[in-house]
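J.: Okay, sequence plus prediction incoming.
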Amino acid sequence: MADVPLAARMRPRTPAEFVGQTHLVGPGRALTKLVEKGALPSLILWGPAGSGKTTLAHLLADAVGAHLMQLSAVNSGVADARKVMDRARGGLFKTVLFVDEVHRWSKAQQDVLLPAVEEGTVTLIGATTENPYFSLNTPLLSRCLLMRLEPLSPDDLAALIRRALDDAERGLGGHGLAIDDDALEHLVTIAGGDARMALMGLEAAALAAEAAGEPQITLELAADAVQRKAIVYDRQGDAHYDVISAFIKSIRGSDPDAALFWLVRMIEAGEDPRFIARRLIVHASEDIGLADPMALLQAVAAAQAVEHVGLPEARLNLAQATIYLARAAKSNTVYTAISAALEDAASADPVPAHLRDASYPGAKKLGHGKGYVYPHDEPGHWTEQDYRPVRYRGNRYYEPSEMGEDTKDWTPGGGPAGPSRRDPSTG
């Protein structure tokens, strides 16, 4: 085996070797057309690890005949960037400055790039795994074309693995190795869309096969050589928001299995269980509400269990609440009711006199409480009277959904339900 890792040896050298991201660099795509004309704008390449950001930067620079200078924001700073920009001003060739993990630079460091980018002294290609709208300066982002890279598909990863096995010059083609279909599928699965991880896994499995004197990479060899990959989940990045979104939408969609899938993803990745519990509490009122009032109790109980028990045992409590909420009848009338009420309640209309506090001396002289009817003195402990400013009289915010216990059977004191808030006749 060569000293250079397989993933580095197999890095694409031509656009034809580049796999994936056809929405950006495929035939007829805008970026492809620009490069064909020799024009390369400043870019921000945003995507997960192993999606091809560094490779794409090199290929784009080559395509327009530019000299590429590469910096890593992890171990370089403003002084390094200034050296590149000074060199570019006196150079004979156009310069592409590739800054890997550009989000690691502070906003002040990012500002240093602005003049050179704006003047065209350098073409900036920044690579980031984090949402650039949160991690990059707005002025810098506005001067760059944002390109989002996606994780590679299983077919893309399988093609990369087979290419590496067949390539005698840079890959494993001279080792006479073959791979079983289930072993290939295993390597693709654990890679999770990461080309680098897929090739690292293949290299480890190939070494294990050679050590065992086997010409075939079997599932057993691949699973033994490649231990379970840490779940891709950055609690400070997009994955944090994307996974919790998938979790809540699965519960809202009444799919307990999908909800459990995302729950386990979060727990295994080290998500704060209190964050999960808080989201369950919110969801219990937002998407279930009065259709099943017990859902809120289940969510609150799970949150209390997290505080008293902690992980790993509390995963059972979170799972119970997740399953309960996923199976519960759904209604969003609590959410729609409070949202509708917000519109009217934002007004500055005074509290009607009969509803004002009449408990202090002199209040009655001001007319406070006059005309108020005490409901408990009336039959059925209810009487019809206005509890809002006159212009909002009769406006309905809460509209029962007829789901679960959220039914239209309830009316105060058995009286009429009243007109809809959306009825123009109510004003």
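T.: Good, I have the coordinates.

J.: For residue 79, see how far away the closest residue to residue 21 other than its chain neighbours is.
T.: In this structure, residue 21 finds its nearest non-sequential neighbour in residue 149, 5.5 Å apart by Cβ to Cβ, 6 or more residues apart in numbering. Glycine gets a C-beta too; all of them are placed from N, C-alpha and C. For residue 149, the distance to residue 79 (Cβ to Cβ, to the nearest Å) stands at 29 Å.

J.: Show me which of these two is the more surrounded one.
T.: Taking other Cβ atoms under 10 Å, residue 149 and residue 79 do not tie; residue 149 has more neighbours (21 against 8).

J.: hmm, back to that, is it true that the residue nearest to residue 21 touches residue 48?
T.: Yes - taking Cβ atoms under 8 Å as the definition, residue 149 is a contact partner of residue 48 at 7.5 Å.

J.: Strands of the stretch 151-300 of the chain, start to end?
T.: 178-179, 216-217 (DSSP state E, counting those that start in this stretch).

J.: tell me what the first one is packed against?
T.: Counting contacts by 3 or more Cβ pairs under 8 Å, 6 or more residues apart in numbering; DSSP states H and E, the secondary-structure elements packed against strand 178-179 are helix 154-166, strand 216-217.

J.: need the contact list for the most centrally placed residue in the chain.
T.: When Cα atoms, centre = their mean is applied to the chain, the residue found nearest the centroid is residue 242 (2.3 Å). Residues in contact with residue 242 (Cβ atoms under 8 Å, 6 or more residues apart in numbering): none are found.

J.: Look up how far residue 45 lies from it.
T.: To residue 45, residue 242 is 19 Å away according to Cβ to Cβ.

J.: mind checking which helix or strand of this protein has the lowest mean pLDDT?
T.: The weakest-scoring helix or strand in the chain, judged by mean pLDDT, DSSP states H and E, is helix 30-36 (a mean of 83).

J.: contacts for the helix or strand immediately after that one in the chain?
T.: Per DSSP states H and E, helix 30-36 leads on to strand 43-46 as the next helix or strand towards the C-terminus. With Cβ under 8 Å, 6+ apart as the test, strand 43-46 has contacts from 53, 56-57, 60, 102, 123-132, 136, 141, 144-149.

J.: circling back: ok, residues contacting the least confident helix or strand of the chain?
T.: With Cβ under 8 Å, 6+ apart, helix 30-36 has contacts from 24, 25, 26, 40, 41, 60, 63, 64, 145, 147.

J.: swap the cut-off to 6 Å and go again
T.: The contact list for helix 30-36 (Cβ atoms under 6 Å, 6 or more residues apart in numbering) reads 24, 25, 63.

J.: Which of those residues sits closest to residue 110?
T.: Comparing these against residue 110 with Cβ to Cβ picks out residue 24 as the nearest, at 23.1 Å.

J.: That closest one: what's it in contact with?
T.: If you count contacts by Cβ under 6 Å, 6+ apart, residue 24 has them with 31, 147.

J.: and with 10 Å instead?
T.: Applying Cβ atoms under 10 Å, 6 or more residues apart in numbering to residue 24 gives the contacts 30, 31, 32, 43, 45, 47, 52, 56, 147, 148, 149, 150.

J.: In PyMOL, select just the buried ones from those.
T.: Selecting only the buried entries of these in PyMOL, with 16 or more other Cβ atoms under 10 Å as the criterion:
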select buried, resi 31+32+43+45+47+52+56+147+149+150
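
J.: Include distance to residue 196 when you put the contacts of residue 24 into a markdown table, please.
T.: As requested, the contacts of residue 24 are exported to a markdown table (distance: Cβ to Cβ, whole Å):
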| residue | distance to residue 196 |
| --- | --- |
| 30 | 27 |
| 31 | 22 |
| 32 | 24 |
| 43 | 21 |
| 45 | 15 |
| 47 | 12 |
| 52 | 9 |
| 56 | 14 |
| 147 | 19 |
| 148 | 19 |
| 149 | 13 |
| 150 | 15 |
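
J.: Return the set of buried residues in stretch 55-68.
T.: Buried residues in stretch 55-68, counted by 16+ other Cβ under 10 Å: 55, 56, 57, 58, 59, 60, 61, 63, 64, 66, 68.

J.: among the residues you listed, which are in helices?
T.: Residues of the buried residues of stretch 55-68 located in helices (DSSP state H): 55, 56, 57, 58, 59, 60, 61, 63.

J.: TSV for those residues, including pLDDT?
T.: Listed next are those as TSV, based on pLDDT from 0 to 100:
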residue	pLDDT
55	94
56	94
57	94
58	94
59	93
60	93
61	93
63	90
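
J.: just those now: which is nearest residue 206?
T.: Closest approach between those and residue 206, by Cβ to Cβ: residue 55, at 21.9 Å.

J.: Show the contacting residues for the closest one.
T.: 11, 12, 13, 17, 18, 19, 21, 195.

J.: hang on, isn't the third one packed against residue 167?
T.: No - between residue 13 and residue 167 no contact is recorded; they are 11.5 Å apart, counting by Cβ atoms under 10 Å.

J.: Next, residue 128: phi, psi?
T.: Main-chain torsions, residue 128, degrees, to the nearest 10: phi -150, psi 150.

J.: Find the residue closest to it in space, skipping its chain neighbours.
T.: Nearest non-adjacent residue to residue 128, counting by Cβ to Cβ, 6+ apart: residue 103, 4.4 Å away.
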